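from the sequence below, what's the structure:
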Amino acid sequence: MMHLLARIGAAALGLLAGIGRASLFVFSMLSHLVRPPFYIREFGAAIMSVGWQTLPVVGLTALFTGGALALQIYAGGSRFEAEALVPQIVAVGMVRELGPVLVGLMVAARVTSSIAAEIATMKVTEQLDALVTLSTNPMKYLTVPRVLAAALTVPVLVGVGDVIGILGGYLVAIWRLDFNAANYLQNTVNFLEALDVVSSLAKGAVFGTLAGLTGCYFGMHSARGAQGVGRATKSAVVAASVLILAANFLLTEAFFSA
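Just a heads-up that it's a prediction; the model follows:
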């Protein structure tokens with residue numbers, strides 16, 4: 001019995017210690033965010049990595065998801081003679097939920113893993129120690145540009161993903177389901193509200209921040225050796241995905257609970 005309690009206590013203490021380390025990491029990043037020096041070149045490279053290089057996978061994911069969503073809604077709506085609602089539901093589903101979540105998960109899979117592996121490898125090869133020796137703060141040089149780039153770029157990816165997802169539904173509805181093109185577009189525009197777009201972009205900003213922070217945190221706290229790099233990368237992707245899904249629920253509750 002005492003052994004079981006000791007294991008539970010050790011797990012609880014480990015969880016609290018992890019939360020404390022993550023909180024201190026976030027506070028340290030925020031403090032460096034507003035203090036010079038600012039590494040513009042690193043920020044620009046992070047913008048290209050997070051934004052431009054992630055755009056193809058985001059576009060393809062959104063396109064096929066929008067098309068599949070249109071087919072599913074049409075097939076389900078035909079049971080209740082509600083096939084005409086395809087454009088409205090595709091638009092709301094992509095903008096409110098599927099667009100931000102899918103983009104966030106794609107960013108977690110591609111960007112978070114890349115950041116965690118890169119920083120963990122730098123730690124293993126003692127490049128972080130070299131930065132400190134050169135009077136360069138690794139938090140300022142590595143974390144701040146990547147987190148800021150993700151926070152600013154992912155909302156743009158979400159907006160593009162929303163448009164491409166709606167386009168995917170439109171193409172399937174026109175070519176496969178015999179919808180009228182003008183009516184489809186008109187129903188889409190009339191049904192969407194400003195709050196839908198605002199919530200989508202806000203989710204993108206939060207998801208991008210979480211993806212960047214998670215990758216940097218696990219990269220900075222990775223263990224030594226090749227196994228440490230692999231474990232840090234895996235943990236970063238899992239943590240980022242779970243945090244994105246949890247944040248999506250909280251943000252949806254905040255925006256649409258009324």
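
could you use CA atoms for every contact and neighbour count after this?
Will do.

using the three-state scheme, assign the residue nearest to the spatial centre of the chain.
The centroid of the chain falls nearest to Gly104 when counting by Cα atoms, centre = their mean (2.5 Å). Under DSSP: H, G, I helix; E, B strand; the rest coil, the three-state class of Gly104 is helix.

once you drop chain neighbours, what's closest to it?
Nearest residue to Gly104, sequence neighbours excluded (Cα to Cα, 6 or more residues apart in numbering): Phe207, at 5.6 Å.

again, but for Leu245
Computed as Cα to Cα, 6+ apart, the closest residue to Leu245 that is not its neighbour in sequence is Val101, at 7.2 Å.

quick one: the one you found from Lys234, how far?
19 Å (Cα to Cα, to the nearest Å).

the more surrounded of these two?
Between Val101 and Lys234, Val101 has the larger neighbour count (other Cα atoms under 10 Å), namely 23 against 18.

hmm, back to that, helix or strand: which one has the residue nearest to Leu245?
helix 99-107 (DSSP states H and E).

pLDDT on that helix, on average?
The average pLDDT for helix 99-107 rounds to 94.

and it, what does it pack against?
Secondary-structure packing of helix 99-107 (3 or more Cα pairs under 8 Å, 6 or more residues apart in numbering; DSSP states H and E): helix 55-77, helix 144-175, helix 194-220, helix 226-256.

that one vs helix 194-220, what angle?
Interaxial angle, helix 99-107 versus helix 194-220 (axes from the mean of the first three to the mean of the last three Cα atoms, to 10 degrees): 20 degrees.

for Ala181, which non-adjacent residue is spatially closest?
In space, Ala181 is closest to Ile174, 6.2 Å off (Cα to Cα, 6+ apart).

check the gap between the one you found and Ala82 for me.
17 Å.

how about Leu250?
For Leu250, the distance to Ala82 equals 30 Å [Cα to Cα].

likewise Val242?
In terms of Cα to Cα, Val242 sits 34 Å off from Ala82.

neighbours around Met122, how many?
18.

residue contacts, it?
Applying Cα atoms under 8 Å, 6 or more residues apart in numbering, we find Met122 in contact with Leu128.

please repeat the previous calculation with a cut-off of 10 Å.
Under the criterion of Cα atoms under 10 Å, 6 or more residues apart in numbering, the contact list for Met122 reads 116, 128-131, 219-220, 229.

what strand or helix carries it?
Taking DSSP H and E as the definition, one finds Met122 inside helix 113-124.

dump that helix to PDB, keeping only the CA atoms.
In PDB, the C-alpha atoms belonging to helix 113-124 read as follows (Å, rounded to 0.1, in the frame of the first residue of the first chain):
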ATOM      1  CA  SER A 113       8.700  18.100 -35.000                       C
ATOM      2  CA  SER A 114      11.200  20.000 -37.100                       C
ATOM      3  CA  ILE A 115      11.800  22.600 -34.300                       C
ATOM      4  CA  ALA A 116      12.100  20.000 -31.600                       C
ATOM      5  CA  ALA A 117      14.500  17.800 -33.600                       C
ATOM      6  CA  GLU A 118      16.600  20.800 -34.700                       C
ATOM      7  CA  ILE A 119      17.000  22.300 -31.200                       C
ATOM      8  CA  ALA A 120      17.500  18.900 -29.600                       C
ATOM      9  CA  THR A 121      20.300  18.100 -32.100                       C
ATOM     10  CA  MET A 122      21.900  21.400 -31.300                       C
ATOM     11  CA  LYS A 123      21.800  20.600 -27.600                       C
ATOM     12  CA  VAL A 124      23.300  17.100 -28.200                       C
END
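
and the next helix or strand past it?
helix 127-133.

which residues sit against that following helix?
The list of residues contacting helix 127-133 from outside it, by Cα under 10 Å, 6+ apart, reads 119-123, 134-139, 141-142, 220.

and after it, which helix or strand comes next?
Downstream of helix 127-133, the first helix or strand assigned by DSSP H and E is helix 138.

who's in contact with that next one?
Counting by Cα under 10 Å, 6+ apart, 119, 127-132, 144, 220 sit against helix 138.

got the residues you listed as TSV, with neighbour count and pLDDT columns?
As requested, the contacts of helix 138 are arranged in TSV below (neighbours: other Cα atoms under 10 Å; pLDDT from 0 to 100):
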residue	neighbour count	pLDDT
Ile119	27	92
Gln127	15	86
Leu128	21	86
Asp129	16	82
Ala130	14	87
Leu131	14	84
Val132	11	82
Val144	26	91
Met220	25	89
